[in-house]
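A.B. asks: Give me the fold of what follows.
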Amino acid sequence: MRIPRWLLSALNVVGKFVGHSPGERVVEMEKQDEEFIAEIRRGLLDLAGGDEKSVDIWLNSPHPAFDGETAQELIDAGEAELVAELVEHILNGGHA
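C.D. replies: Residues are numbered from 1 along each chain as shown. Okay, the predicted model is just below:
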């Protein structure tokens, strides 16, 4: 989930009045999502034998573990951690 710069700036201004910066937490969350996304791609590439097209197909196909949503939809909604957990589960021999 990307937060517009103007909103981050506004959050930082508000943070100065309350003693902390909510914008810093948002940036931290975005960095964590980027790490999960990188982890997801690495795991899927490993499972797909390095085939990028297969990774893209998996990310954009409805999945029963996500109640019919695609992994990409969850990632876009800020739920990359859930997708990363499923990919790790599959890498460890669990059911897809």
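
A.B. asks: And His63, how far from Leu86?
C.D. replies: Distance, His63 to Leu86, by C-beta to C-beta, to the nearest Å: 8 Å. (Each C-beta comes from the backbone N, C-alpha and C, glycine too.)

A.B. asks: Common neighbours of the two, please.
C.D. replies: Ala71 (C-beta atoms under 8 Å, 6 or more residues apart in numbering).

A.B. asks: Mind listing residues that contact stretch 68-77?
C.D. replies: 1, 33, 37, 40, 58-63, 66, 80, 82-83, 86.

A.B. asks: hmm, which of these are the buried ones?
C.D. replies: Neighbour counting over the contacts of stretch 68-77 (16 or more other C-beta atoms under 10 Å) leaves Asp33, Ile40, Trp58, Leu59, His63, Ala80, Leu82, Val83, Leu86 as the buried ones.

A.B. asks: Pull out the buried positions in stretch 64-80.
C.D. replies: Buried, per 16+ other C-beta under 10 Å, within stretch 64-80: Ala65, Thr70, Ala71, Gln72, Glu73, Leu74, Ile75, Glu79, Ala80.

A.B. asks: what would those look like in TSV with secondary structure and distance to Ala48?
C.D. replies: Compiled in TSV, the buried residues of stretch 64-80 are given as follows (DSSP: H, G, I helix; E, B strand; the rest coil; distance: C-beta to C-beta, whole Å):
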residue	secondary structure	distance to Ala48
Ala65	helix	17
Thr70	strand	16
Ala71	helix	13
Gln72	helix	15
Glu73	helix	20
Leu74	helix	19
Ile75	helix	17
Glu79	coil	22
Ala80	helix	18
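
A.B. asks: closest to His95 among the residues you listed?
C.D. replies: Ala65 (8.8 Å; C-beta to C-beta).

A.B. asks: unless I'm mixing things up, that closest one is touching Val87, no?
C.D. replies: No. Ala65 is not in contact with Val87 according to C-beta atoms under 8 Å; the separation is 10.6 Å.
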